[in-house]
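Asks: sequence unavailable; structure follows:
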């Protein structure tokens, strides 16, 4: 999977990636083609490169240089395939070679050569024979004595030519000069062609440098950490969702980060509505994706187990194009990941309220079956549910929920003030019971509240 595929599937990842400050078109293209990293060594290496590139941020002159780097892959490809570059393409090659040389010099000076940029000195010498290092291209007289003589002869005639005979001669000289310029281009192409691989590698290295600097800057702005690579359990200390946190801060509110640890097998998370369970799953999914694409993660501290892929089901997508209900679409999605697991893949499975749209008895049975399947195969999984009485083997936590009560009704936008999103270990099978309290705090009519309590008591007595 490439990053461009992942941001199509995971909108939160897209929104974080869009915050990257990339300066070059080459970097924007290369970023989308970045691979999903699975091996510990390649993940660790990416974080090392980000760290090594960071000192280059202090050299502010690097950014205007990166902004001038164009994506000249097409030009390089045509050169390599034997085509003769025109003046614009020769200008692109020369300008890029000069920029790459300056960027490499700055990186060495800052001791921040995270990615080695191949030397393009031979290219510069070919296209800048007068060594003036100006970003323009011209077919110099020094390329061809014959061309120099033709141009000198044209200059001697003057412009405009004084007589018709001179005009005829000038036209002939111009045609000859154009023919000679084309021969010069062919000769330049022959001299440049052996360096096409170095040009392509330098373009990729400059793009990577731009990406690494953007990753370092994003990590600092997002207050993210470099995660350790864990062989067994994934652990987050003060995990947060950067998009949600930013929105809350803009509204003058604070996001409560969460500590969570999970490993092979299922962690069942219970809690009432508005308890932050969905945000927790999305936070874990986003952190895992960022980790496996070599980004720092939104947490004070983290140790993460690499997985083959991430499966997130929030149950909020109704497949109208196929005439499927939310429940049907959810079951088919879960069935697909079951197939992936049976084929030998080890995904991180994140299920938000599976089977919430069916009757409670069947819903509990479905959750039990899913949890048992995942637990038996030791698949790392987080499953949230409202259902109590889950019997399948799993570790259980609940969101602590409402921390205190008040007498008066509370506006919806202040309910968070009473919520404690801390995860606490759970040992019993009871369903969360904060819903009535939440309704009370929201000012639901007292007659309805009393009726809810009466029916709840009757049901408890009946059971």
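Replies: Yep, that arrived. On a predicted model such as this, the values are computed, not experimentally measured, just so you know.

Asks: any low-confidence regions in the protein?
Replies: Residue ranges of the chain with pLDDT under 70: 272-275, 315-324, 402-418, 428-445, 449, 451-453, 455-463.

Asks: show me where it has its strands.
Replies: With DSSP state E, the ranges of strands along the chain come out as 228-229, 234-239, 258-262, 266-270, 301-304, 309-313, 347-352, 381-385, 395-402, 419-426.

Asks: which helix of this structure spans the most residues?
Replies: helix 164-192 (DSSP state H).

Asks: could you list every helix and strand that that one packs against?
Replies: Contacts defined by 3 or more C-beta pairs under 8 Å, 6 or more residues apart in numbering; DSSP states H and E place helix 164-192 against helix 87-109, helix 121-127, helix 145-157. The C-beta positions use only the backbone N, C-alpha and C, and glycine is treated the same way.

Asks: most packed of the ones you listed?
Replies: When these are scored by mean count of other C-beta atoms under 10 Å, the highest mean neighbour count falls to helix 87-109 (a mean of 19).

Asks: now the strands of the chain in a markdown table, with distance to residue 368 and mean neighbour count?
Replies: As requested, the strands of the chain are exported to a markdown table (distance: least, C-beta to C-beta, whole Å; neighbours: other C-beta atoms under 10 Å):
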| stretch | distance to residue 368 | mean neighbour count |
| --- | --- | --- |
| strand 228-229 | 33 | 14 |
| strand 234-239 | 24 | 20 |
| strand 258-262 | 19 | 18 |
| strand 266-270 | 10 | 24 |
| strand 301-304 | 28 | 20 |
| strand 309-313 | 17 | 21 |
| strand 347-352 | 13 | 23 |
| strand 381-385 | 10 | 25 |
| strand 395-402 | 13 | 19 |
| strand 419-426 | 16 | 16 |
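
Asks: excluding chain neighbours, what is closest to residue 372?
Replies: Setting aside the residues directly before and after it, residue 372 is nearest to residue 392 in space (C-beta to C-beta, 6 or more residues apart in numbering), at 4.0 Å.

Asks: and that neighbour, how far from residue 366?
Replies: Relative to residue 366, residue 392 is positioned 11 Å away (C-beta to C-beta, to the nearest Å).

Asks: mind listing what's buried along the longest helix of the chain?
Replies: Neighbour counts over helix 164-192 (16 or more other C-beta atoms under 10 Å) mark 170, 173, 176, 177, 180, 181, 184, 185, 188, 189, 192 as buried.

Asks: let's have the residues you listed in TSV, adding distance to residue 209.
Replies: Supplementary listing: the buried residues of helix 164-192 in TSV, determined by distance: C-beta to C-beta, whole Å:
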residue	distance to residue 209
170	50
173	47
176	45
177	41
180	40
181	36
184	33
185	31
188	28
189	28
192	23
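
Asks: domain parsing for this protein?
Replies: Domain ranges of the chain: 3-213, 224-432, per automatic domain parsing.

Asks: contact partners for the closest residue to residue 289 other than its chain neighbours?
Replies: Nearest residue to residue 289 in three dimensions, chain neighbours excluded: residue 13, at 5.0 Å (C-beta to C-beta, 6+ apart). By C-beta atoms under 8 Å, 6 or more residues apart in numbering, residue 13 lies in contact with 6, 7, 286, 289, 290.

Asks: in helices only, show me those.
Replies: 6, 7, 286, 289, 290.

Asks: pull the contacting residues for the third one.
Replies: Contacts of residue 286 were listed using C-beta under 8 Å, 6+ apart, and they are 10, 12, 13, 16, 241, 242, 298.

Asks: can we see that at 10 Å?
Replies: Residue 286 sits next to 10-13, 15-16, 239-244, 295, 297-298, 310, 312 when contact means C-beta atoms under 10 Å, 6 or more residues apart in numbering.

Asks: please apply the same query to the second one.
Replies: With contact taken as C-beta under 10 Å, 6+ apart, residue 7 is in contact with 13, 14, 15, 16, 17, 18, 31, 32, 289, 293.

Asks: how many neighbouring residues does the nearest residue to residue 245 once chain neighbours are set aside have?
Replies: Distances taken as C-beta to C-beta, 6+ apart place residue 255 nearest to residue 245, at 3.8 Å, with adjacent residues excluded. Neighbour count for residue 255, taken as other C-beta atoms under 10 Å: 20.

Asks: surely residue 255 touches residue 280?
Replies: No: in this structure residue 255 lies outside contact range of residue 280 using C-beta atoms under 10 Å: 11.7 Å.

Asks: what's the overlap in contacts for the two?
Replies: Residues touching both residue 255 and residue 280 (C-beta under 10 Å, 6+ apart) are 241, 421.

Asks: burial measure for residue 110, as a count.
Replies: A total of 16 residues lie near residue 110 under the criterion other C-beta under 10 Å.

Asks: oh, and call the first residue 145 from now on, that's how I've got it
Replies: Sure thing, new numbering starts at 145, so read that last one as residue 254.

Asks: isn't it right up against residue 353?
Replies: No: using C-beta under 10 Å, residue 254 is not in contact with residue 353, being 11.1 Å away.

Asks: list residues touching both of those two?
Replies: Common neighbours of residue 254 and residue 353 (C-beta under 10 Å, 6+ apart) are 197, 200, 206.

Asks: thinking again about what came up before, could I get the strands of the chain in CSV, plus columns for distance to residue 366?
Replies: Output for the strands of the chain, formatted as CSV (distance: least, C-beta to C-beta, whole Å):
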stretch, distance to residue 366
strand 372-373, 18
strand 378-383, 13
strand 402-406, 17
strand 410-414, 25
strand 445-448, 13
strand 453-457, 19
strand 491-496, 21
strand 525-529, 22
strand 539-546, 24
strand 563-570, 20
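
Asks: for residue 186, find the nearest of those.
Replies: Between residue 186 and these, the tightest spacing by C-beta to C-beta is seen for strand 372-373, at 10.6 Å.

Asks: list the strands paired with the closest one, with their directions.
Replies: Next to strand 372-373 in the sheet, as set by DSSP bridges, lie strand 445-448 (parallel).

Asks: report the buried members of the contacts of residue 430.
Replies: Neighbour counting by 16+ other C-beta under 10 Å classes 154, 156-157, 160, 383-388, 439, 441-442, 454, 456 among the contacts of residue 430 as buried.

Asks: among those residues, name the ones in helices.
Replies: If you go by DSSP H, these have 156, 157, 160, 386, 387, 388 in helices.

Asks: I'm done for today, thanks for sticking with me.
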